[in-house]
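Visitor: Kindly generate the corresponding structure for this input.
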Amino acid sequence: MQRITSTRSFAILALAGTLGSAACHDGTAPAPLSRSADQLHFVRPSPTAPSLPDTAVSFWAKRGEDRELRLYYNAPSGSGVGEEFLRFSVPAAALAQRPDGSAIAVGDSVLISVRVIDPSRLIVEFQPAGLKFTAASPARLRFDLGETDSDLNGDGVVNAADDSLETQLSFWRQEAPGQPWLKVVSAVFTDLNEAEADVFGFSGYALAY
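Guide: Residues are numbered from 1 along each chain as shown. Predicted coordinates for the structure are as follows:
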């Protein structure tokens, strides 16, 4: 994608995300915006994007240590590491509760699984369902947009209309297949080709407008 946005705009977006997250957790914000899947336009891979060699991976997150997982596209040459698609970071103080509600102590580990359940719409599922992260130090999800389709409205041309739609991009989460999608406070850094959001619990995530 070709994108140009000022650094000042990024700061505003990041601040809005921070304030939005705080509001959501102190009970002062309204319920998240809800949409059905057919009401959303999901970001798609570009027609020339390499495939994802790994669509289901796992790693151990540990309370007290920074851990992260990354997914990459295939390298164009067929060897080496391709462009990054996804980065999921779990800070040392992020893990809070297991799905059964029990607290996660320092030194405890949790196996986290990440699966791309719809490569055509870049929908990603995180497990175990019900795992909770702390509000003060949540997990962080990042998508790299370098291999996504710039023709956001799918009309066959890339123009100002797509630039306008790009400003509406956000992460959305789905608690379980078939349920509505809920809008997540996000930051889209257009000159870096990245989108980021805090993650407080597990479900399905995708980037859409």
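Visitor: wait, what's in contact with the closest residue to residue 91 other than its chain neighbours?
Guide: Spatial nearest neighbour of residue 91, excluding adjacent residues (Cβ to Cβ, 6 or more residues apart in numbering): residue 137 at 4.9 Å. Using the backbone N, CA and C atoms, a C-beta is placed for each residue, glycine as well. Residue 137 makes contact with 91-94, according to Cβ atoms under 8 Å, 6 or more residues apart in numbering.
Visitor: Same question for residue 42.
Guide: Here residue 42 is in contact with 121-123, 206-208 (criterion: Cβ under 8 Å, 6+ apart).
Visitor: Pass me the low-pLDDT residue ranges in this protein, would you?
Guide: 1-29, 78-79 (pLDDT under 70).
Visitor: same thing but at 80, please
Guide: Applying pLDDT under 80 to the chain picks out residues 1-30, 77-81.
Visitor: Tell me the spacing between residue 134 and residue 198.
Guide: 11 Å (Cβ to Cβ, to the nearest Å).
Visitor: C-terminal to the longest strand along the chain, what's the next element?
Guide: Using DSSP state E, we find that the single longest strand of the chain is strand 109-118. Where DSSP states H and E defines the elements, the next helix or strand beyond strand 109-118 is strand 123-127.
Visitor: returning to that earlier point: residue 134 and residue 198: who's more crowded?
Guide: Neighbour count, other Cβ atoms under 10 Å: between residue 134 and residue 198, residue 198 has more, with 22 against 16.
Visitor: nearest spatial neighbour of the more buried one, skipping sequence neighbours?
Guide: Excluding the flanking residues, the one nearest residue 198 by Cβ to Cβ, 6+ apart is residue 138, at 4.2 Å.
Visitor: Tell me, how many residues neighbour residue 135?
Guide: Residue 135: 14 neighbours (other Cβ under 10 Å).
Visitor: so it sits right up against residue 201, yeah?
Guide: No: assessed by Cβ atoms under 8 Å, residue 135 is found out of contact with residue 201, at 10.7 Å.
Visitor: how about the residue sitting furthest away from the middle of the chain, what does it touch?
Guide: Of all residues in the chain, residue 77 has its C-alpha farthest from the mean position, at 27.2 Å, by Cα atoms, centre = their mean. Residues near residue 77 by Cβ under 8 Å, 6+ apart: none.
Visitor: Look at the residue nearest the centre of the chain and give its secondary structure.
Guide: Central residue of the chain (Cα atoms, centre = their mean): residue 141, 4.3 Å from the mean position. Following DSSP: H, G, I helix; E, B strand; the rest coil, residue 141 is assigned to strand.
Visitor: Look up how far residue 173 lies from it.
Guide: Residue 141 is 10 Å from residue 173, by Cβ to Cβ.
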